[in-house]
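[1] here are the coordinates; sequence isn't available:
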């Protein structure tokens with residue numbers, strides 16, 4: 001369905017992410033959180049992408065990722081990183 005928003009799912013970093021997301025018409029990128037640092041988050045956001053990361057179970061790591069600008073987190077620890085979780 002071409003009208004549905006698409007996200008690129010990667011488990012390994014790809015240097016051609018910009019070309020891939022543009023060619024596929026992606027609005028987001030979904031990554032293992034261990035692939036990201038602040039510079040990569042900045043580059044992805046500058047390209048206009050939303051960022052979803054998985055699987056983040058450490059609250060401190062979640063805070064760091066949110067502070068960098070990550071948009072969504074998948075977690076097994078909803079008790080520790082729940083709906084009211086704040087990056088502060």
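    Yep, that arrived. The structure displayed is predicted, hence computed values, not measured ones.

[2] all helices for this structure, in order.
    Taking DSSP state H as the criterion, the chain contains helices spanning 17-24, 38-46, 59-68.

[3] possible to save those as a markdown table with mean neighbour count?
    Any C-beta I mention is one placed from the backbone N, CA and C, and that applies to glycine too. Formatted as a markdown table, the helices of the chain follow (neighbours: other Cβ atoms under 10 Å):
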| stretch | mean neighbour count |
| --- | --- |
| helix 17-24 | 14 |
| helix 38-46 | 14 |
| helix 59-68 | 16 |
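
[4] Any idea which of those helices gets closest to residue 8?
    Of all the helices of the chain, the one in closest proximity to residue 8, counting by Cβ to Cβ, is helix 17-24 (5.2 Å).

[5] ok now the closest one, how far from the chain's centre?
    Centroid separation for helix 17-24 versus its chain: 15 Å, with Cα atoms, centre = their mean, to the nearest Å.

[6] Next: stretch 37-54.
    For stretch 37-54, the separation from the chain centroid amounts to 6 Å (computed by Cα atoms, centre = their mean).

[7] other SSEs contacting the lengthiest strand in the chain?
    If you go by DSSP state E, the chain has its longest strand at strand 26-32. Where contact means 3 or more Cβ pairs under 8 Å, 6 or more residues apart in numbering; DSSP states H and E, strand 26-32 is packed against strand 6-10, helix 17-24, strand 50-54.

[8] Run the angle between the first one and strand 50-54 for me.
    Angle of strand 6-10 versus strand 50-54, following axes from the mean of the first three to the mean of the last three Cα atoms, to 10 degrees, is 40 degrees.
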